[in-house]
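Engineer: Predicted coordinates and the sequence they were generated for:
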Amino acid sequence: MTAMSENSTRPLRLPAPAKLNLFLHITGRRPDGYHELQTLFQLLDHGDELEISIQPDGQITFECQDQTLGAPDNNLVVRAARQLQQHTRTGLGAHITLYKHLPAGAGLGGGSSDAATTLIGLNHLWQTNLTLEALAELGVSLGADVPVFVMGHSAWAEGIGEKLTPVTLPEPYFVVLSPACHVNTGEIFSHQQLTRDSSPIKIAAFLAGQSRNDCEPLVRRLYPEVDSAIQWLSKFGPARLTGTGSSVFAPMASEQAARNVLQALNTAEDPALSGTKGWIAKGVNRSPVLKCL
Ligand SMILES: C[C@@](CO)(OP(=O)(O)O)[C@H](O)COP(=O)(O)OP(=O)(O)OC[C@H]1O[C@@H](n2ccc(N)nc2=O)[C@H](O)[C@@H]1O
Ligand SMILES: Nc1ncnc2c1ncn2[C@@H]1O[C@H](COP(=O)(O)OP(=O)(O)O)[C@@H](O)[C@H]1O
């Protein structure tokens, strides 16, 4: 059996890491309605998982236990597979199983990361050999967050989130709180009260603590659960919204400090936190996906 045929028979199991936006400034709006951003993407060691195997007949089939993600045909995993298949004109198909661990609509880039891992995994299995830059360019039409997951490194981002400059960050532990509510990214960006005129900053300003998430005031007003989560987490560290939410996060001095905060959450009696899930994640500069190939 040749190496390639061995590759093509064994399912490929790949992670789809989450991300945090350590800050998010909205500096303008393009004619097509998309917003110009400045943000710092911090990849995390926690996320979804995909299992991908080749189907020689060209069919793309998909399964996922999480029934809340809408019709399979609209799933970002299926859309990414179809996009690569059409772009490369490969006659091969795939069967993809998605193991969902990240809440959807949580500001963690779950769907975008699933799409990025699908592009990377199929590019490997189908031997279509596109460069990461080409995959990222293909992926931006699936979501503004897809390119950072394809390139696989924490990054300073501008544009709509696709103009990336890799950065090396400290990789701390974070406590992440995910309220039960689902925040629609498009709803926040189209809201009349959203701040859209922040002045561009340099990374030195971020490091000096002069940054924020421009979506945070609006999301806190629209979603009281998010407001409660930020107020509670602020007792333990500099809490902030990630992306358009609903999740909020705070960096911790150590893993033990993070565990202590989760313990405090589990014993908190605040009803406003009742549907909020807490978890610990470690920042990683390099995505674990490429290490699996
Ligand atoms: C806001 C960010 C910050 O990282 O993350 P999330 O909060 O979604 O995780 C991203 O820019 C989200 O990227 P993504 O989640 O892929 O959003 P998309 O599907 O591309 O866009 C959903 C909708 O949000 C609006 N949108 C998104 C990105 C952007 N720079 N400007 C926008 O105006 C558009 O109305 C778009 O139709
Ligand atoms: N594989 C997927 N995982 C999560 N959401 C998905 C997926 N495919 C499509 N979606 C849709 O994308 C939206 C949320 O995308 P997601 O990236 O999880 O949000 P966010 O960007 O806020 O982290 C939801 O409306 C969900 O229905």
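Structural biologist: Good, I have the coordinates. Ligands and ions are numbered 1, 2, ... in the order given.

Engineer: can we go C-alpha only for contacts and neighbour counts from here?
Structural biologist: OK.

Engineer: Quick one: end-to-end distance for stretch 282-293.
Structural biologist: Length of stretch 282-293, first residue to last, Cα to Cα, to the nearest Å: 22 Å.

Engineer: ugh, wrong one, I meant stretch 262-280
Structural biologist: End-to-end distance of stretch 262-280 (Cα to Cα): 8 Å.

Engineer: try stretch 25-33
Structural biologist: Using Cα to Cα, one end of stretch 25-33 lies 16 Å from the other.

Engineer: try stretch 175-188
Structural biologist: Terminal-residue distance, stretch 175-188 (Cα to Cα): 24 Å.

Engineer: Now do the buried residues in it.
Structural biologist: 175, 176, 177, 178, 179, 180, 181, 182, 183, 188 (16 or more other Cα atoms under 10 Å).

Engineer: ok, for the third one, nearest residue in space, not its chain neighbours?
Structural biologist: So that's residue 177. Leaving aside its chain neighbours, residue 177 sits nearest to residue 278 (4.5 Å; criterion: Cα to Cα, 6 or more residues apart in numbering).

Engineer: Test my guess that the one you found contacts residue 174.
Structural biologist: No: at 10.4 Å, residue 278 does not count as touching residue 174 under the criterion of Cα atoms under 8 Å.

Engineer: Looking at those two, which is more packed in?
Structural biologist: Each of residue 278 and residue 174 has its neighbours counted (other Cα atoms under 10 Å); residue 174 has more, 26 against 20.

Engineer: Please name the bridge partners of the more buried one.
Structural biologist: Residues in a beta bridge with residue 174, per DSSP bridges, are residue 251, residue 281.

Engineer: where's it relative to residue 280, distance?
Structural biologist: For residue 174, the distance to residue 280 equals 6 Å [Cα to Cα].

Engineer: Please enumerate the shared neighbours of the two.
Structural biologist: Common neighbours of residue 174 and residue 280, using Cα atoms under 8 Å, 6 or more residues apart in numbering, are residue 258.

Engineer: which of the residues in stretch 279-293 are buried?
Structural biologist: Quick answer for stretch 279-293 (16+ other Cα under 10 Å): 280, 281, 282, 283, 284, 285, 286, 287, 288, 289.

Engineer: now stretch 106-117
Structural biologist: 106, 107, 108, 109, 110, 111, 112, 113, 114, 115, 116, 117.

Engineer: Could you check the pLDDT of the closest residue in space to the last one that isn't next to it in sequence?
Structural biologist: Beyond its immediate neighbours in the sequence, the residue positioned closest to residue 117 (Cα to Cα, 6+ apart) is residue 16, lying 5.8 Å away. Residue 16 carries a pLDDT value of 98.

Engineer: now swap in the one 3 residues further on and tell me
Structural biologist: Here the pLDDT value assigned to residue 19 is 98.

Engineer: what's the following helix or strand after whatever helix or strand it lives in?
Structural biologist: Residue 19 belongs to strand 12-29 when assigned by DSSP states H and E. Using DSSP H and E, the next helix or strand after strand 12-29 towards the C-terminus is strand 35-55.

Engineer: Return the list of helices and strands in contact with that next one.
Structural biologist: The helices and strands touching strand 35-55, judged by 3 or more Cα pairs under 8 Å, 6 or more residues apart in numbering; DSSP states H and E, are helix 3-9, strand 12-29, strand 93-99, helix 110-125, strand 155-158, strand 277-284.

Engineer: Only the buried residues of the next helix or strand after the fourth one, if you could.
Structural biologist: Spelled out, it's helix 110-125. Remark: after helix 110-125, the chain's next helix or strand is helix 132-139, criterion DSSP H and E. The neighbour-count check on helix 132-139 (16+ other Cα under 10 Å) flags 132, 135, 136, 138, 139 as buried.

Engineer: Kindly export helix 132-139 (C-alpha atoms) in PDB.
Structural biologist: Extracted C-alpha coordinates of helix 132-139, given in PDB (Å, rounded to 0.1, in the frame of the first residue of the first chain):
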ATOM      1  CA  LEU A 132      -2.300  28.100   3.700                       C
ATOM      2  CA  GLU A 133      -2.500  31.600   2.200                       C
ATOM      3  CA  ALA A 134      -4.700  30.200  -0.600                       C
ATOM      4  CA  LEU A 135      -6.900  28.300   1.900                       C
ATOM      5  CA  ALA A 136      -7.200  31.400   4.000                       C
ATOM      6  CA  GLU A 137      -8.300  33.400   1.000                       C
ATOM      7  CA  LEU A 138     -10.800  30.700   0.100                       C
ATOM      8  CA  GLY A 139     -12.100  30.700   3.800                       C
END
